[in-house]
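**Student:** A structural model of the following input is requested.
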Amino acid sequence: MRIDGTERARGQDAPIAGAGFDSEAVAPADRFAAWRASMEPAQHIRPVEGSCRDPSVSSTGWALDDLLLSELAFSPISYRRRPGKAGDYLLLRLYREGRAYGAFEESSFRTRPGEIHLFDQSPQCHGVTTDWHRLQSVFIPYAAVGYVPGRHPAHLSVDADSGVGRVLRSAIEALFAELPRTRQAEGAALAAGFAGLVKGLLLTRPSAGGSRAFDAARRLAMRRYLEDKLDDPQLGVASLCAAFGASRATIYRDFAEHGGVARFVIRRRLERAFRDLASGPPDRGRVRRVAERWGFACPYHFSRAFRRQFDLWPSEVFEAARTDAVGAPGAVAVVRPSAAA
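**Tutor:** As a prediction, this is how the structure comes out:
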């Protein structure tokens, strides 16, 4: 993310510095284009075709010690975050308005108002927002919470009505409420305290031993086995029985939380289809070919299943990707992670 605000003021009694893209510093007619340019090359953003006549954005940011915070609102967009461009940061985001649908690494995600999501900013991510979006974001360095890629999850979502969700939401809202009057002397303590809360609530898990660890490892291995063979039309419970020597009862129990093996496989195939539609070349017949690639012989059934999974038709994702592929803005140097969707 480019630092466009004031530099950190000297003196412990000075207010904390502004950071990121400040929409008020740009003429209204130029704000969306300037915001897009500020996100490159870490993120490529385009307005969703036909969603509104004049795309718009509102953005304000702050630097709180080693945390970066932003309040952001924008009209519907499609976006693609390029891998490895945002640095070693996590993004904690509270969604206030709007919905988004995206693909993150090998899985899809959706967001709703009130939810909190934690994203690793290093892997590739792309998606679509379907209406006016308003959100609050906190970028946290890996080191501040002890995050280790591969050992910790790359994406977490928090139910708005859960205890963790309510505590995190209250903390985020309180932190943003204090920013306009926070002084430099308080910045380090607030940043460290907030990072500690995030680490304790989202990234610290009790160690599991004995049979619990074995069962967890088996479930993970089974899921990876299925994900590696999603293009096999015979994939199912019998495949797992043969590969792992497990009983059908064990497999049914291991996949109960996913609604069974068949639902898990269909969901993963739809996620792969979403990824292919959002990132592939925008050519004629692509929806049909993607459906066939992931085992959906009937385009009608594929479209209905896709709609149930993502609340979007395949054609909507495809059209957003086709719009996204038009044009390629020039690269701009990046010194901070992007604060886009």
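**Student:** Would you mind measuring from residue 198 to residue 144?
**Tutor:** 8 Å (C-beta to C-beta, to the nearest Å). From N, CA and C alone the C-beta is placed, and that goes for glycine too.
**Student:** just residue 82 next, same as before
**Tutor:** 24 Å.
**Student:** Quick check: chain neighbours aside, which residue is closest to residue 65?
**Tutor:** residue 191 (3.7 Å; C-beta to C-beta, 6 or more residues apart in numbering).
**Student:** and for the strand or helix carrying the one you found, what are the contacting residues?
**Tutor:** Under the criterion DSSP states H and E, the helix or strand holding residue 191 is helix 184-198. Helix 184-198 is contacted from outside by 8-9, 11-16, 64-67, 92, 118, 138, 140, 144-145, 167-168, 171, 175, 178, 182, using C-beta atoms under 8 Å, 6 or more residues apart in numbering.
**Student:** buried set for it?
**Tutor:** Within helix 184-198, the residues that qualify as buried are 184, 187, 190-191, 194-195, 197-198, counting by 16 or more other C-beta atoms under 10 Å.
**Student:** Between residue 82 and residue 144, which has more neighbouring residues?
**Tutor:** residue 144 (19 against 16; other C-beta atoms under 10 Å).
**Student:** which helices and strands does the helix or strand in which that one is found pack with?
**Tutor:** Following DSSP H and E, one finds residue 144 within helix 142-145. Secondary structure elements in contact with helix 142-145, counted by 3 or more C-beta pairs under 8 Å, 6 or more residues apart in numbering; DSSP states H and E, are strand 89-97, helix 184-198.
**Student:** What separation is there between residue 133 and residue 169?
**Tutor:** Residue 133 is 17 Å from residue 169, by C-beta to C-beta.
**Student:** Which one's more surrounded, these two?
**Tutor:** Each of residue 133 and residue 169 has its neighbours counted (other C-beta under 10 Å); residue 133 has more, 22 against 17.
**Student:** That one contacts residue 101, correct?
**Tutor:** No: Residue 133 is beyond contact range of residue 101, at 12.0 Å (criterion: C-beta atoms under 8 Å).
**Student:** distance between stretch 149-166 and the chain's centre?
**Tutor:** Taking C-alpha atoms, centre = their mean, to the nearest Å, one finds stretch 149-166 lying 12 Å from the centre of the chain it belongs to.
**Student:** Now do the buried residues in that stretch.
**Tutor:** 152, 154-156, 158, 160, 165.
**Student:** List of residues touching it?
**Tutor:** With C-beta under 8 Å, 6+ apart, stretch 149-166 has contacts from 104-105, 107, 109, 111-112, 114-120, 122-123, 142, 168-169, 201-203.
**Student:** Out of those, which end up buried?
**Tutor:** 104, 107, 109, 111, 115-120, 122-123, 142, 168-169, 201-203.
**Student:** Where does pLDDT dip in the stretch 201-341 of the chain?
**Tutor:** 205-217, 280-283, 320-341 (pLDDT under 70).
**Student:** same deal with the stretch 51-200 of the chain?
**Tutor:** Where the stretch 51-200 of the chain drops to pLDDT under 70, the residues are 51-52, 84-86, 105-106.
**Student:** Identify each buried residue in stretch 42-62, please.
**Tutor:** 42-48, 51, 55-57, 59-62.
**Student:** can you check stretch 261-270 too?
**Tutor:** Under 16+ other C-beta under 10 Å, the buried positions of stretch 261-270 are 261, 264-270.
**Student:** need the buried residues of stretch 149-166 in CSV with distance to residue 78, can you?
**Tutor:** Output for the buried residues of stretch 149-166, formatted as CSV (distance: C-beta to C-beta, whole Å):
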residue, distance to residue 78
152, 28
154, 21
155, 19
156, 24
158, 25
160, 25
165, 28
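**Student:** Going by distance to residue 257, which of the residues you listed wins?
**Tutor:** Within the buried residues of stretch 149-166, proximity to residue 257 (C-beta to C-beta) peaks at residue 156, which comes in at 16.0 Å.
**Student:** Partner strands of the helix or strand that the closest one is a member of and their direction?
**Tutor:** Assigned by DSSP H and E, residue 156 belongs to strand 155-158. Neighbouring strands of strand 155-158 in its sheet, by DSSP bridges, are strand 116-120 (antiparallel).
**Student:** just how off-centre is the strand it pairs with within its chain?
**Tutor:** With C-alpha atoms, centre = their mean, you get 6 Å for strand 116-120.
**Student:** quick one: contacts of that strand?
**Tutor:** Contacts for strand 116-120 (C-beta under 8 Å, 6+ apart): 90-95, 104, 109, 111, 125, 147, 149, 152, 154-158, 160, 165, 168-169, 172, 198, 202.
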